[in-house]
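Engineer: Have a look at this prediction, sequence included:
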Amino acid sequence: MAKRGDPIEEKVYEIYGEVVGSGKPVRSPSLAVRLLEERYKLVVSETVVSIVYAAFMNGRPVLFEGPPGTGKTEIGEALLELWAGKKPFILPCSETYDEYKVVGDFHPVMAMRKGFNEESFIPRPLLAALILDTGVLVDEIRRSSEEFQNMLLDVIDKRRIVVPELRRVFRARGTGFQMIFTSNPEDIAQNELSDAFLRRVVRVRFDYPPKSVEERILKLRVDGEPQLSDGVRGLILEAVRRLRESGVAHKPGTAEAVAWARLAQSIARLRGKSRVGVEELAEAAMSVLAKRPEDEEVVSEVLREVLGVEVL
Ligand SMILES: Nc1ncnc2c1ncn2[C@@H]1O[C@H](COP(=O)(O)OP(=O)(O)OP(=O)(O)O)[C@@H](O)[C@H]1O
Ligand SMILES: [Mg+2]
């Protein structure tokens, strides 16, 4: 609950309280693994959950690093929610992100009239997360500036946020306030992470899942009618595996395997079919898998080999 009479806390509860909600934290890794699958349709190993939870117990932020479409963002968001029992805040990073956008800002007109005080202050997500005792997912951390990264580390290290204009220090009260960063080191046009940053985070490496896991994910995510047969599912798995090994610039992640299956399923549904066939797979393929013109040739070659039909 908000401290009665504290205008900042009251504002935070009023603006963000309802969206964040409040439930029971899940602190058992094995239960978390089960809920990730049942509630979020996410397949995550108990090892990953345990290392994330252990990092949180040590007050350390976690860095999820790996190729696109391997579940970093969704898994990060779900784990923060399970840990805190409340929805996390998501900060999608960009070069221009600074503390005014994440800690708080002053309403310009009100600040002119009444000064830089609690009345004109607008709390933003990072401060709200600390006050509401919930997690923060800092998405694509490499797109942010080094100053911004250092500011975040300082906040998580000391578990407090200072707002000099208000002459106030806000302190975390529980263990729900935790951070997960995501990053894709192969992404172009982005910054390196500093040694100081890397020293303080617990890094979890993400990669394309083994075939059996990716198969489970497809079954979990693409169910219902029209059905995907084991054979059709096998073609999807094989095609994405080969494309990852080929020299394409845009490698398909698990996200693309799922997107491809769903698009093919929808085409089959539009046609009133009861099963997804190779025709639908072939029709949906290029739109999902060839995202860059220079990849088109290799993608259609791989698809021709795997699906056994001409794909344009
Ligand atoms: N372990 C998994 N369990 C279930 N679905 C998964 C898993 N990994 C990937 N997916 C699929 O990928 C999608 C999530 O991808 P997400 O956006 O979280 O990946 P990402 O690694 O953050 O990618 P990017 O680097 O592009 O941001 C899910 O909606 C799902 O379809
Ligand atoms: Mg992501």
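Structural biologist: Yep, that arrived. Numbering: from 1, shown residues only. Ligands and ions are numbered 1, 2, ... in the order given.
Engineer: contacts and neighbour counts: CA atoms only from here.
Structural biologist: OK.
Engineer: residues from this protein in reach of ligand 1?
Structural biologist: Contact residues, the chain versus ligand 1 (CA under 6 Å from any ligand atom): 41-44, 67-74, 184, 217, 254-255, 258.
Engineer: hey, where'd the helices end up in the stretch 201-312 of the chain?
Structural biologist: Along the stretch 201-312 of the chain, the stretches classed as helices by DSSP state H, counting those that start in this stretch are 211-221, 230-245, 254-270, 278-289, 296-307.
Engineer: and of those helices, who's closest to residue 169?
Structural biologist: helix 254-270 (41.3 Å; CA to CA).
Engineer: Does the closest residue to residue 90 other than its chain neighbours belong to a helix, a strand or coil?
Structural biologist: Taking CA to CA, 6 or more residues apart in numbering, and ignoring the residues beside it in sequence, residue 90 has residue 137 as its nearest neighbour in space, at 4.7 Å. Residue 137 carries the three-state label strand when classified by DSSP: H, G, I helix; E, B strand; the rest coil.
Engineer: Would you map out the domains in the protein?
Structural biologist: Using automatic domain parsing, the domain parsing of the chain gives 7-205, 211-307.
Engineer: could you dump these to CSV with mean neighbour count and mean pLDDT?
Structural biologist: Rendered in CSV, the data for these read as follows (neighbours: other CA atoms under 10 Å; pLDDT from 0 to 100):
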stretch, mean neighbour count, mean pLDDT
domain 7-205, 18, 95
domain 211-307, 17, 96
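Engineer: Look up how far residue 287 lies from residue 281.
Structural biologist: Applying CA to CA, to the nearest Å, one obtains 11 Å for the distance of residue 281 from residue 287.
Engineer: show me what contacts the closest residue to residue 57 other than its chain neighbours?
Structural biologist: In this structure, residue 57 finds its nearest non-sequential neighbour in residue 175, 8.0 Å apart by CA to CA, 6+ apart. Residue 175 makes contact with 56-57, 84, 133, according to CA atoms under 8 Å, 6 or more residues apart in numbering.
Engineer: residues touching the residue of the stretch 151-300 of the chain found nearest ligand 1, list them.
Structural biologist: Residue nearest to ligand 1 within the stretch 151-300 of the chain: residue 255 (3.2 Å; CA to the nearest ligand atom). Shown in contact with residue 255 (CA under 8 Å, 6+ apart): 69-71.
Engineer: And the strands in this structure?
Structural biologist: Under the criterion DSSP state E, the chain carries strands at the ranges 62-65, 89-92, 104-106, 121-123, 136-139, 160-163, 168-171, 179-183, 202-205.
Engineer: Looking at those strands, which is nearest to residue 48?
Structural biologist: Shortest distance between residue 48 and the strands of the chain, using CA to CA, is found for strand 202-205: 7.4 Å.
Engineer: Now find how far off-centre the closest one is within its chain.
Structural biologist: Here strand 202-205 shows a centroid-to-chain-centroid distance of 14 Å under the convention CA atoms, centre = their mean, to the nearest Å.
Engineer: Over to stretch 40-52?
Structural biologist: Distance of stretch 40-52 from the chain centroid (CA atoms, centre = their mean) equals 13 Å.
Engineer: One more: stretch 146-160?
Structural biologist: Centroid displacement of stretch 146-160 relative to its chain, using CA atoms, centre = their mean, is 20 Å.
Engineer: hmm, back to that, show me which pair in the contacts of residue 175 is furthest apart.
Structural biologist: For the contacts of residue 175, the maximum inter-member distance is 14.4 Å, found between 57 and 133 (CA to CA).
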